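Engineer: Predicted model and sequence below, questions to follow.
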Protein chains: 2
Amino acid sequence: MTGSSSAADATERFGVSNLNRVRRHPERAHYDRATVHDILDRGLVAHVAFVDQGRPIVIPMTYGRDDDRIYLHGARKGRVATATNGEPVSIGVTLVDGLVIARSLFDSSMNYRAVVIHGRAVELEHRAERLHALRCISEHVLPGRWDEVREPSEQELKGTVVLAVEIEAASAKVRAHGVGHGNEPGDERVWAGVIPISTTVGSPMQDPEVPAGVPVPPSVVRMCGGG
Amino acid sequence: MTGSSSAADATERFGVSNLNRVRRHPERAHYDRATVHDILDRGLVAHVAFVDQGRPIVIPMTYGRDDDRIYLHGARKGRVATATNGEPVSIGVTLVDGLVIARSLFDSSMNYRAVVIHGRAVELEHRAERLHALRCISEHVLPGRWDEVREPSEQELKGTVVLAVEIEAASAKVRAHGVGHGNEPGDERVWAGVIPISTTVGSPMQDPEVPAGVPVPPSVVRMCGGG
């Protein structure tokens, strides 16, 4: 997992620099596009960090992905829109898979899949690009929904800032195993194990104003495990 | 939800400044300590943003809380430990409660509870303070576990950096309701509703090397819904 630069690396792996090198537990690091993309695609919320008047700010946002480009959107008067255009951002997406309950607190940990992206946010100006980005965000959150509803109106588009972040550097960090041995005498008699944690999707709660006869759309049926 | 400064505010609410004022959907903003603390206490992972060589960096971390102080820990050679001591950080904790599937993409949203904290990370030096912080982090992740296992050894403590972040400014943002009306003709015939999302804790998977007769500890039984 070093930053060598064969031809394959250029297409399959992100380069490794001081910006994205995983320092702690480098054996958990992954720099290949497939792993980075997979975690991004499974996450729901990204935590977007930027610098505003010299201070770091982190904001949770929905997002979408197309190849190595992350799309964000927000209201025109929102903080992200006004502070990040043209500026560097860091985007974190983390999936928690379990609590690792070791024989000591020191060895206790979590199982997780996490991605940290570095890039620069650039506002999209052209209508087609903006619509494509909004479609990517919508399809990321609920695949299939975009084609079930009308396109955004001109007024809705006008009030929305759409940002693209080309991935300049990325790393994934994954822990997905059990518990190690203890380090101190007596540790071997202590209970240890993993508590699995997962995200569960419930049954859809239909809005009371939906007219009789309007079916639950396929996108919602699929998301809720019905198809 | 404005930044008035009565005596009650000083103890029950965080002050509101440009640093933490919620600009978008201010009706979702909460600045009271009870709401901020509750969301922090229910989260598992914080996304910690800091500035490293002029760039924003976001890293997922476990954490603990004691009153208005957030505790973080990491390996001494880790990036957070080396880059944040004495520096401003922003800490985001987000709970996703549902997908809000509106009649239009524009009105679609999520139900969520999110907190953003601003403060300065300071490394703790004194043994008792460090142990208290580590206990808060441990008890945050798995309440009761601290007293079931041995204290960290001197060697384990030596390799661990413990940081305290006094909350300088904080805001919570909460969306917890259904779907609005549409904005365009025809929207009223479109299905709308909320898909609930929750975090589920599974049954503990015991490490195969746990000796026969060692029971599942109370902390794990409680976390997994058994007590």
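Structural biologist: Received the coordinates, thanks.

Engineer: buried set for stretch A:197-206?
Structural biologist: For stretch A:197-206, a neighbour-count test (16 or more other CB atoms under 10 Å in any protein chain shown) marks A:197, A:204, A:206 as buried. Quick note: C-beta positions are derived from backbone N, CA and C, even for glycine.

Engineer: for chain A, what's the longest helix?
Structural biologist: helix A:127-141 (DSSP state H).

Engineer: and the buried residues of stretch A:197-206 near chain B, which?
Structural biologist: When contact is defined as CB under 8 Å from any CB of the partner chain, the buried residues of stretch A:197-206 meet chain B at A:197, A:204, A:206.

Engineer: Make CSV out of those residues and add distance to residue A:22 and secondary structure.
Structural biologist: Converted to CSV, these look like this (distance: CB to CB, whole Å; DSSP: H, G, I helix; E, B strand; the rest coil):
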residue, distance to residue A:22, secondary structure
A:197, 22, strand
A:204, 39, coil
A:206, 44, strand
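
Engineer: would JSON lines of those with pLDDT be doable?
Structural biologist: Formatted as JSON lines, these follow (pLDDT from 0 to 100):
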{"residue": "A:197", "pLDDT": "98"}
{"residue": "A:204", "pLDDT": "97"}
{"residue": "A:206", "pLDDT": "97"}
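
Engineer: which among those gets closest to residue B:189?
Structural biologist: Lowest distance from residue B:189 to these (CB to CB) belongs to residue A:206, with 13.9 Å.

Engineer: Correct me if wrong: the closest one contacts residue B:191.
Structural biologist: Yes - using CB atoms under 8 Å, residue A:206 is in contact with residue B:191, at 7.3 Å.

Engineer: Pull up the overlap in contacts between these two.
Structural biologist: Contact with both residue A:206 and residue B:191 is made by residues residue A:216, according to CB atoms under 8 Å, 6 or more residues apart in numbering or on different chains.

Engineer: Would you quantify the distance from the residue of chain A most remote from its centre to residue B:152?
Structural biologist: Distance from the C-alpha centroid of chain A, by CA atoms, centre = their mean, peaks at residue A:185 (41.0 Å). Shown here: residue A:185 relative to residue B:152, a distance of 15 Å by CB to CB, to the nearest Å.

Engineer: helices and strands around the strand or helix carrying residue A:59, which ones?
Structural biologist: In the assignment (DSSP states H and E), residue A:59 maps to strand A:55-61. On a contact count with 3 or more CB pairs under 8 Å, 6 or more residues apart in numbering or on different chains; DSSP states H and E, strand A:55-61 meets strand A:46-52, helix A:79-84, strand B:46-52, strand B:55-61, strand B:88-101, strand B:109-123.

Engineer: for it, what is the average pLDDT?
Structural biologist: For strand A:55-61, the mean pLDDT works out to 96.

Engineer: got a list of contacts for it?
Structural biologist: A:45-51, A:72, A:74, A:79-80, A:83, B:19, B:47-51, B:56-58, B:88-92, B:94, B:112, B:114, B:116, B:118.

Engineer: Pairing partners for it, with directions?
Structural biologist: Strand A:55-61 has these partner strands in its sheet, going by DSSP bridges: strand A:46-52 (antiparallel).

Engineer: for the record, mean pLDDT for the partner strand?
Structural biologist: For strand A:46-52, the mean confidence score works out to 96.

Engineer: what's the angle between it and strand B:88-101?
Structural biologist: Between strand A:46-52 and strand B:88-101, the angle comes out at 140 degrees (axes from the mean of the first three to the mean of the last three CA atoms, to 10 degrees).

Engineer: Taking strand A:109-123 as reference, get the angle to strand A:46-52.
Structural biologist: 60 degrees.

Engineer: quick one: contacts of strand A:46-52?
Structural biologist: A:56-63, A:70, A:72, A:79-80, A:83-84, A:87-94, A:121, B:47, B:49, B:51, B:54-58, B:60, B:90, B:92, B:94.

Engineer: List buried members of the residues you listed by neighbour count.
Structural biologist: Applying 16+ other CB under 10 Å to the contacts of strand A:46-52 flags A:56-63, A:70, A:72, A:79-80, A:83-84, A:88-94, A:121, B:47, B:49, B:51, B:55-58, B:60, B:90, B:92, B:94 as buried.

Engineer: low pLDDT regions in chain A?
Structural biologist: A:1-10, A:227 (pLDDT under 70).

Engineer: now do 50
Structural biologist: Within chain A, the stretches with pLDDT under 50 are A:1-8.

Engineer: just the angle between the longest helix of chain A and strand B:109-123, please?
Structural biologist: 80 degrees.

Engineer: Contacts only, for residue A:42.
Structural biologist: A:95, A:113.

Engineer: Pull the distance from stretch A:133-153 to the chain's centre.
Structural biologist: On the basis of CA atoms, centre = their mean, to the nearest Å, stretch A:133-153 sits 17 Å off its chain's mean C-alpha point.

Engineer: gap between the two ends of it?
Structural biologist: 15 Å (CA to CA, to the nearest Å).

Engineer: Identify each buried residue in that stretch, please.
Structural biologist: Within stretch A:133-153, the residues that count as buried by 16+ other CB under 10 Å are A:133-142, A:145-146, A:149-150, A:152.

Engineer: Of those, which ones also sit close to chain B?
Structural biologist: Answer for the buried residues of stretch A:133-153 near chain B (CB under 8 Å from any CB): A:134, A:138, A:141, A:142, A:145, A:146, A:149, A:150, A:152.

Engineer: Kind regards, and thank you for your time.
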